[in-house]
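A.B. asks: Predicted model and sequence follow; I will ask about them next.
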Amino acid sequence: MSEQGNVETLIVLQPIAVDTASPDREGRLVIANGLLVAVLVRLDYPEHDNIGNWFLEVGFGRLQGKNAPTFPDLEDATRWLRRHLEAA
Amino acid sequence: MQQALTRKLESFEPLSDQARWALNRLVLKVRQVGARQNLIQEGDKPDNVLLILDGFACRYKMLPDGQRQIMALLVPGDFCDLNVFILDEMDHSIGTISACKVVDVPRQAIDEITAHHPSIARAFWWCTLVDGAVLREWLVNMGGRAPDQRIAHLLCELLMRLEAVGRVTDNSYAFPLTQTEIADTMGLSDVHVNRTLRELRTLGLIHLKHRVLTILDVERLKAFCSFAPNYLHLRNTRWGERRDLSWPGTAKEG
């Protein structure tokens, strides 16, 4: 995301079901200033260590291949995404 | 303890009685190392050759962001770089995964024994070449196979390697790797590892409980990931009997 000055990136989370070949399917499309930059998926499969957390299933552009922690809630996820999208 | 060493080398190369005798005369220090301890770190000067007698260890590198990549698993009978002492410093670290029994073989002992016993020297070479072959296969695995096949391939490889050193019973073996360690080995996230193991379980291919992995259907797991064991160059899976052992200087040992 190339942003000039201190204009904050507008992040929109749009619910979507995701086929992860596992019981984890509740997801969010992460749209930053109108561009799809990532897909988050909630970890629902009971054997996950951090069940209920949000996982960066895939990232695009600047987020591609990023190793992210899992996030206890969507606010945490958004904070992390914003930080990495706005990093110079 | 020497038996492990002799057995390992003989899985590659027939040894003469003299060579076996020389191996038995080596005075080796065995030490117990706890789980998740470094044996040698990147930047250290390597002095001894390490041999794993028991347990799992790994070769790894840390990236600046804290991400770890495991490039090799070392199981009983594996050397941690036979010729590493020729180099000035370690370019990666070696650490234990489970508690290990480790032998330090002094570099001088390696120099002497290889100078006097060509069959041992050749078996050592063989170890090093196989390490390279395994690394190549891992490269193929990481770059060319989907996550489920990638993990299945690792499980098949460990079955063969552990079987060669007598650590497999009824297609079950100790599997001390945590999900994060599998992830660090396979270039996947913990979440993907978890989902993939679940899938392999659902397909009835594996069973993993209390750090013991059972392969429920070896042929199906191998077919699932198109596993070909040729790169391990194990004696029981290769063309050993067809091999021409009459190299110059071998004098028909063994």
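C.D. replies: Good, I have the coordinates. Numbering: from 1, shown residues only, chains lettered A, B, ... in the order given.
A.B. asks: What's the local residue count around residue 25?
C.D. replies: Just so you know, I chose chain A. Residue A:25 is flanked by 15 other residues according to other Cβ atoms under 10 Å in any protein chain shown. Heads up, the C-betas are built off the backbone N, CA and C, glycines and all.
A.B. asks: if you could check chain B rather than the one you did, that'd help
C.D. replies: Taking other Cβ under 10 Å as the criterion, the count of residues near residue B:25 is 10.
A.B. asks: so what's the nearest residue to residue B:116 once chain neighbours are set aside up against?
C.D. replies: Closest residue to residue B:116 in three dimensions, ignoring its sequence neighbours and counting by Cβ to Cβ, 6 or more residues apart in numbering or on different chains: residue B:22, at 6.7 Å. Residue B:22 is in contact with B:113, B:116-117, B:120, counting by Cβ atoms under 8 Å, 6 or more residues apart in numbering or on different chains.
A.B. asks: Please apply the same query to residue B:54.
C.D. replies: Applying Cβ under 8 Å, 6+ apart, we find residue B:54 in contact with B:76, B:100-101.
A.B. asks: What's the separation between it and residue B:101?
C.D. replies: Between residue B:54 and residue B:101 the distance is 4 Å, computed by Cβ to Cβ, to the nearest Å.
A.B. asks: just to revisit the earlier point, what's the mean pLDDT across the helix or strand where the residue nearest to residue B:116 lies?
C.D. replies: Element membership of residue B:22, judged by DSSP states H and E, is helix B:17-25. Helix B:17-25 shows a mean pLDDT of 88.
A.B. asks: quick one: residue B:31 from residue B:12, how far?
C.D. replies: Spatial separation of residue B:31 from residue B:12 under the definition Cβ to Cβ is 25 Å.
A.B. asks: picking up where we left off before, please, a ChimeraX command that selects the buried ones among the contacts of residue B:22?
C.D. replies: Typed into ChimeraX, the next command selects the buried ones out of those (criterion: 16 or more other Cβ atoms under 10 Å in any protein chain shown):
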select /B:113,117,120
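A.B. asks: The residue of the stretch 151-254 of chain B found nearest chain A: which element?
C.D. replies: Distances between the stretch 151-254 of chain B and chain A by Cβ to the nearest Cβ are smallest at residue B:195, namely 4.1 Å. For residue B:195, the host element (DSSP H and E) is helix B:190-202.
A.B. asks: Who are the contact partners of the residue positioned nearest the centre of chain B?
C.D. replies: Taking Cα atoms, centre = their mean, the centroid of chain B lies closest to residue B:74, which sits 3.9 Å from it. Counting by Cβ under 8 Å, 6+ apart, residue B:74 makes contact with B:52, B:56-59, B:80, B:94.
A.B. asks: just residue B:231 next, same as before
C.D. replies: Residues in contact with residue B:231, defined by Cβ under 8 Å, 6+ apart, are B:130, B:133-134, B:136-137.
A.B. asks: Please pick the buried ones from these.
C.D. replies: Members of these that pass the buried threshold by neighbour count (16+ other Cβ under 10 Å) are listed as B:130, B:134, B:137.
A.B. asks: residue ranges with poor pLDDT in the stretch 151-254 of chain B?
C.D. replies: B:235-254 (pLDDT under 70).
A.B. asks: can you pull out the strands in it?
C.D. replies: Remark: strands of the stretch 151-254 of chain B, listed N- to C-terminal, are B:172-174, B:206-209, B:212-215; assignment by DSSP state E, counting those that start in this stretch.
A.B. asks: out of those, which comes closest to residue B:185?
C.D. replies: Taking Cβ to Cβ, strand B:212-215 is the member of these nearest to residue B:185, at 14.0 Å.
A.B. asks: quick one: buried residues of the closest one?
C.D. replies: Neighbour-count burial for strand B:212-215 flags B:213, B:215 (criterion: 16+ other Cβ under 10 Å).
A.B. asks: next one: stretch B:46-54
C.D. replies: Under the neighbour-count rule (16+ other Cβ under 10 Å), stretch B:46-54 has B:46, B:48-54 buried.
A.B. asks: Can you convert those residues into JSON lines and add a column each for pLDDT and secondary structure?
C.D. replies: Putting those into JSON lines (pLDDT from 0 to 100; DSSP: H, G, I helix; E, B strand; the rest coil) gives the following:
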{"residue": "B:46", "pLDDT": "83", "secondary structure": "coil"}
{"residue": "B:48", "pLDDT": "84", "secondary structure": "strand"}
{"residue": "B:49", "pLDDT": "86", "secondary structure": "strand"}
{"residue": "B:50", "pLDDT": "88", "secondary structure": "strand"}
{"residue": "B:51", "pLDDT": "89", "secondary structure": "strand"}
{"residue": "B:52", "pLDDT": "91", "secondary structure": "strand"}
{"residue": "B:53", "pLDDT": "90", "secondary structure": "strand"}
{"residue": "B:54", "pLDDT": "93", "secondary structure": "strand"}
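A.B. asks: which residues in chain A form strands?
C.D. replies: Chain-ordered strands for chain A, with DSSP state E as the definition, fall at A:11-17, A:26-32, A:35-42, A:54-59.
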